[in-house]
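Undergrad: Here is my input, please return the structure:
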Amino acid sequence: MKNSKTSFSLLKKKIDIWAPVFVWALFIFSFSSLSTNPVSEIHWKDFIVKKSAHIVIYAILTILSYRAFHEGGVGKKDAALYAMFFAIAYGISDEYHQSFTVGRDSQSRDVVFDTIGSIGAVVLLWKFLPKVPPKLRKLARGLRMI
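TA: Numbers count the residues shown, from 1 in each chain. You can find the predicted model right below:
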């Protein structure tokens with residue numbers, strides 16, 4: 001009896017730590033499934049907004065993945081690397097998915113922006129976050145980010 005209870009609590013923990021990653025990946029997938037809006041008259045503004053979104057969205061995916069890997073027992077450095085590679089691989093698969101979506105196309109430069117977001121998230125986690133004031137650090141620990 002105790003063994004099944006332990007198995008259930010381990011499964012619940014895995015679901016708790018990986019659910020945000022899954023939900024965020026589903027969010028990305030759903031947006032990738034939509035046809036794009038026409039480009040604005042000022043092309044560079046449209047470019048900046050869309051590429052900034054790629055950076056932020058994949059930074060968030062990296063942070064959520066880092067949290068899941070680390071909470072799952074992976075060391076901080078390895079968790080950061082795994083999260084970064086996971087986010088980049090997901091970005092590549094997302095671009096492939098977009099090549100089948102009506103009104104969308106696959107662009108390798110989007111993967112570059114996804115990668116920038118992922119690397120930026122790791123830099124944020126490793127360089128910036130530990131140096132923030134104690135109250136913010138406590139919040140980050142509460143969210144299991146560090």
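
Undergrad: Residue 86 contacts residue 65, doesn't it?
TA: Yes - between residue 86 and residue 65 there is a contact under C-beta atoms under 8 Å: 4.9 Å. Glycine gets a C-beta too; all of them are placed from N, C-alpha and C.

Undergrad: Same drill for these two, tell me which one is more crowded.
TA: Higher neighbour count among residue 86 and residue 65: residue 65, with 26 against 20, using other C-beta atoms under 10 Å.

Undergrad: Could you list the low-pLDDT ranges of the chain?
TA: Scanning the chain for pLDDT under 70 picks out 1-2, 36-42, 144-146.

Undergrad: Longest helix in it, please.
TA: Secondary structure assigned by DSSP state H gives helix 2-32 as the longest helix of the chain.

Undergrad: helix or strand right after that one?
TA: Tracing the chain past helix 2-32, the next element assigned as helix or strand by DSSP states H and E is helix 43-71.

Undergrad: who's in contact with the following helix or strand past that following helix?
TA: Moving toward the C-terminus from helix 43-71, the next helix or strand (DSSP H and E) is helix 76-98. Defining contact as C-beta atoms under 8 Å, 6 or more residues apart in numbering, one finds that helix 76-98 is touched by 25, 28-29, 32-33, 54, 58, 61-63, 65-66, 68-70, 74, 104-108, 110-111, 114-115, 117-119, 121-122, 125-126.
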